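Peer 1: how would this look folded up:
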Amino acid sequence: MIHPTAIVSPEARIGADTHVGPYCRVGDRVRIGERCHLESHVVIEGPTTIGNDNRFFPFGTIGFQPQDLKFKGEETFLTIGSHNVFREYVNINRGTKGGGGHTKIGDHNFLMVYAHVAHDCILGNHIIMANAATLGGHVVIEDHATIGAFSGVHPFCRIGIHGYVGGYSVITKDVLPYSKTVSERNTHAFGVNTIGLERKGFTSEQITSIKAAFRLLLQSNLNTSQAVEEIRKKIQSAEVQVLLDFIEASPRGVIK
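Peer 2: Sure, this is the predicted structure:
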């Protein structure tokens, strides 16, 4: 199902029932799975591997070389999972040798107009990036996170599981799992993303334990290390353990 105006490399591999619309271009070493839909004017370069049931809206640029002055043409990769939506003008770059050489996007993600995913980023599943949300290189976004419109995430930062970043934020440290984090002049975590967790099926007991941990972390007079020790002593739950593991693995520090 390839439109006559589309240009598809003979080295590309296109899965069954995939639609390549008008004026699309699919380059060498691109593998696209089954039932994908390239609306029109989508350009995909390789090496890129794309799973099944993905939808690409017009003027997206997928799998181009990284925007990194250290890049010298070495072979790097982009891998995209299944059931993702990439709206108009979304831009996703391949990796760099210095960053592991691989940009990865999981399943069931929704990237809105002008979203940008730079080199060596790793995105999990069920992530929303709103209009013009921008990720610098080497950013890790964990499952079910949301990045608000026109927000920028500094290279090497992480966004924790179920984290919510408000619009127009500038993220220069790691965003805590489950948190609502917004920057005005300075970036602050404003407590637990309760509504988001309820929508995702978290029980009241799970949310209560997360809130108790956040009170110690954000509202006490303890520093981060002291708060982590108090949380470890007083609160025992799998969700809180995720929060503690995230903090302890953070090389840049976390936003409080």
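Peer 1: okay, CA-based contacts and neighbour counts for the rest of this
Peer 2: OK.
Peer 1: pLDDT on stretch 163-180, on average?
Peer 2: For stretch 163-180, mean pLDDT is 94.
Peer 1: how is this structure divided into domains?
Peer 2: For the chain, the domain assignment from automatic domain parsing gives the residue ranges 7-141, 197-248.
Peer 1: most packed of those?
Peer 2: Highest mean neighbour count among the domains of the chain (mean count of other C-alpha atoms under 10 Å): domain 7-141, with a mean of 21.
Peer 1: helices and strands of the chain: which one has the lowest mean pLDDT?
Peer 2: Each helix and strand of the chain was given a mean pLDDT (mean pLDDT, DSSP states H and E); the minimum falls on strand 187-192 at a mean of 80.
Peer 1: how about that strand: buried residues?
Peer 2: If you call a residue buried by 16 or more other C-alpha atoms under 10 Å, then strand 187-192 has these buried ones: 187-189, 191-192.
Peer 1: what sits opposite the closest residue in space to residue 256 that isn't next to it in sequence in the beta ladder?
Peer 2: Closest residue to residue 256 apart from its sequence neighbours, by C-alpha to C-alpha, 6 or more residues apart in numbering: residue 189 at 5.1 Å. Beta-bridge pairing of residue 189, defined through DSSP bridges, involves residue 181.
Peer 1: for the least confident helix or strand of the chain, name the packing helices and strands.
Peer 2: When contacts are defined as 3 or more C-alpha pairs under 8 Å, 6 or more residues apart in numbering; DSSP states H and E, strand 187-192 sits against strand 179-183, helix 204-214.
Peer 1: could you give the angle of that strand to strand 179-183?
Peer 2: Using axes from the mean of the first three to the mean of the last three C-alpha atoms, to 10 degrees, one finds that strand 187-192 and strand 179-183 are set 150 degrees apart in direction.
Peer 1: centre of the chain to whichever helix or strand comes after strand 187-192, how far?
Peer 2: With elements assigned by DSSP states H and E, the helix or strand that comes after strand 187-192 is helix 194-199. For helix 194-199, the distance between its averaged C-alpha position and the chain's averaged C-alpha position is 19 Å (C-alpha atoms, centre = their mean, to the nearest Å).
Peer 1: identify all contacting residues around helix 194-199.
Peer 2: Residues from elsewhere that reach helix 194-199, judged by C-alpha atoms under 8 Å, 6 or more residues apart in numbering: 162, 178, 207.
Peer 1: in a strand, residue 229, correct?
Peer 2: No - according to DSSP: H, G, I helix; E, B strand; the rest coil, residue 229 belongs to no strand; its state is helix.
Peer 1: roughly how far does it sit from residue 218?
Peer 2: Between residue 229 and residue 218 the distance, using C-alpha to C-alpha, to the nearest Å, works out to 14 Å.
Peer 1: ditto for residue 33
Peer 2: When distance is defined by C-alpha to C-alpha, residue 33 is 45 Å away from residue 218.
Peer 1: what do you get for residue 237?
Peer 2: From residue 237 to residue 218 the distance is 19 Å (C-alpha to C-alpha).
Peer 1: contact partners for the nearest residue to residue 168 once chain neighbours are set aside?
Peer 2: Closest residue to residue 168 in three dimensions, ignoring its sequence neighbours and counting by C-alpha to C-alpha, 6+ apart: residue 151, at 4.4 Å. Neighbour list for residue 151: 132-134, 165-171 [criterion: C-alpha under 8 Å, 6+ apart].
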